[in-house]
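Participant: Have a look at this fold, sequence not included:
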Ligand SMILES: [Fe+2]
């Protein structure tokens, strides 16, 4: 009888051992494709013994796969860029609630929700050509001012289908209301120097080539270009362009995030939480910021010099909650189309 009992306990013990061995991993579905992220995940494995498996791909494709696989999905964490995209993923019911005191303390309220949190920040700034724009032009310049006749045929920006632009307009709706935003959009679109085309870097190139005097694009792109990783020509062009942080005398510059959530059917929920908490640690934040030129989510992290040179003390919009970017998304897109923004 005793022998039987002992065998039984050994059997149970083996099962526990096996399951802990199995759970020493976390599966990350990510649309961020940075070499440096892989190095970071290796640090996490060394610190915790939890192996990080990465499935990378385009955000919408990953999201579709997670939904289709449903309960059999192996995905633990979904990482992507733009609060509007994260909000849209949450709207489809893919995340579970994140309960973490660590995350609540480290991430400012406006950059997190109950189901997904910001990891890094990016500003949507105004790029300008100093040969075409004076310091007087830039004084207190806000997004709202860009609808003024003064900027006629001077602005470059990418198409309205771009999520960064939709999120920017959503944040303006959140602050000014739909009606005022619609009026603003009509003036803003009239000021475009050309049909919207290309990505964010293409707008910076347009300003360097004097095809436009100013452009609206994300902050880290200028640093990517200056780093030389996109070739000598783009590096040279980026040197001709400067950065202005809009809305300094009111709510602050529009901030967006890259962020993460734990998936509803995550097989390794605890590891997923530990992984996201690790991403918000000082070590991880410093690593990310060094390599991607984004702004850190937490305090006490040094900016990459390539981005710091444009100013580190600017006022960021810390009052507009980033989940409003999804809440106002369909309205934003609707009025962008009405305004004639291609
Ligand atoms: Fe980007």
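Facilitator: Good, I have the coordinates. Please read these numbers as outputs of a predicted model, since none were measured by experiment. Residues are numbered from 1 along each chain as shown.
Participant: Measure how buried residue 229 is and give me the count.
Facilitator: Using other Cβ atoms under 10 Å, residue 229 has 10 neighbouring residues. Quick note: C-beta positions are derived from backbone N, CA and C, even for glycine.
Participant: sec struct for it, please.
Facilitator: coil (DSSP: H, G, I helix; E, B strand; the rest coil).
Participant: Equivalent analysis for residue 27, please.
Facilitator: Following three-state DSSP, residue 27 is assigned to strand.
Participant: Would you enumerate the residues in contact with it?
Facilitator: Residues near residue 27 by Cβ atoms under 8 Å, 6 or more residues apart in numbering: 53, 55, 74-77, 267-268.
Participant: And residue 260, by the same measure?
Facilitator: 77-79, 116-117, 119, 276, 279.
Participant: and those as TSV, adding secondary structure, distance to residue 205 and neighbour count?
Facilitator: As requested, the contacts of residue 260 are exported to TSV (DSSP: H, G, I helix; E, B strand; the rest coil; distance: Cβ to Cβ, whole Å; neighbours: other Cβ atoms under 10 Å):
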residue	secondary structure	distance to residue 205	neighbour count
77	strand	35	24
78	strand	32	27
79	strand	28	24
116	coil	33	27
117	strand	33	25
119	strand	28	24
276	helix	35	26
279	helix	32	26
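Participant: now those in CSV, with distance to residue 25?
Facilitator: Below are the contacts of residue 260 laid out as CSV (distance: Cβ to Cβ, whole Å):
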residue, distance to residue 25
77, 12
78, 16
79, 16
116, 22
117, 21
119, 20
276, 15
279, 17
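Participant: Which one of these is nearest to residue 240?
Facilitator: Here the nearest of the contacts of residue 260 to residue 240, counting by Cβ to Cβ, is residue 119; it sits at 31.6 Å.
Participant: how far away is that closest one from residue 250?
Facilitator: Using Cβ to Cβ, to the nearest Å, residue 119 is found at 27 Å from residue 250.
Participant: what do you get for residue 258?
Facilitator: 25 Å.
Participant: Who has more neighbours out of those two?
Facilitator: residue 258 (24 against 13).
Participant: hang on, residue 259 in a helix?
Facilitator: No - using three-state DSSP, the assignment for residue 259 is strand, not a helix.
Participant: For it, list each beta-bridge partner.
Facilitator: residue 80, residue 118 (DSSP bridges).
Participant: Enumerate every residue touching it.
Facilitator: Residue 259 touches 79-81, 83, 86, 111, 116-119, counting by Cβ under 8 Å, 6+ apart.
Participant: now swap in residue 190 and tell me
Facilitator: Residue 190 touches 147, 152, counting by Cβ under 8 Å, 6+ apart.
Participant: Look up how far residue 145 lies from it.
Facilitator: 14 Å.
Participant: How about residue 161?
Facilitator: In terms of Cβ to Cβ, residue 161 sits 25 Å off from residue 145.
Participant: Look at the two and report which has more neighbours.
Facilitator: More crowded of residue 161 and residue 145, by other Cβ under 10 Å: residue 145, with 18 against 13.
Participant: what about the more buried one, which SS state?
Facilitator: Under three-state DSSP, residue 145 comes out as helix.
Participant: contacting residues around residue 222?
Facilitator: Residue 222 neighbours (Cβ under 8 Å, 6+ apart): 127, 204, 238, 241, 243, 306-307, 310.
Participant: next one: residue 117
Facilitator: Neighbour list for residue 117: 98, 103, 107, 111, 259-261, 276, 280 [criterion: Cβ under 8 Å, 6+ apart].
Participant: Output the residues you listed as TSV; include the columns distance to residue 29.
Facilitator: TSV is the format used below for the contacts of residue 117 (distance: Cβ to Cβ, whole Å):
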residue	distance to residue 29
98	16
103	19
107	21
111	21
259	13
260	10
261	10
276	13
280	19
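Participant: Return the member of those nearest to residue 92.
Facilitator: residue 261 (11.5 Å).
Participant: wait, doesn't that closest one sit right on residue 76?
Facilitator: No - here residue 261 lies out of contact with residue 76, judged by Cβ atoms under 8 Å, at a distance of 10.2 Å.
Participant: okay, now the domains of this structure?
Facilitator: The chain breaks down into these domains under automatic domain parsing: 24-121+256-308, 124-254+314-338.
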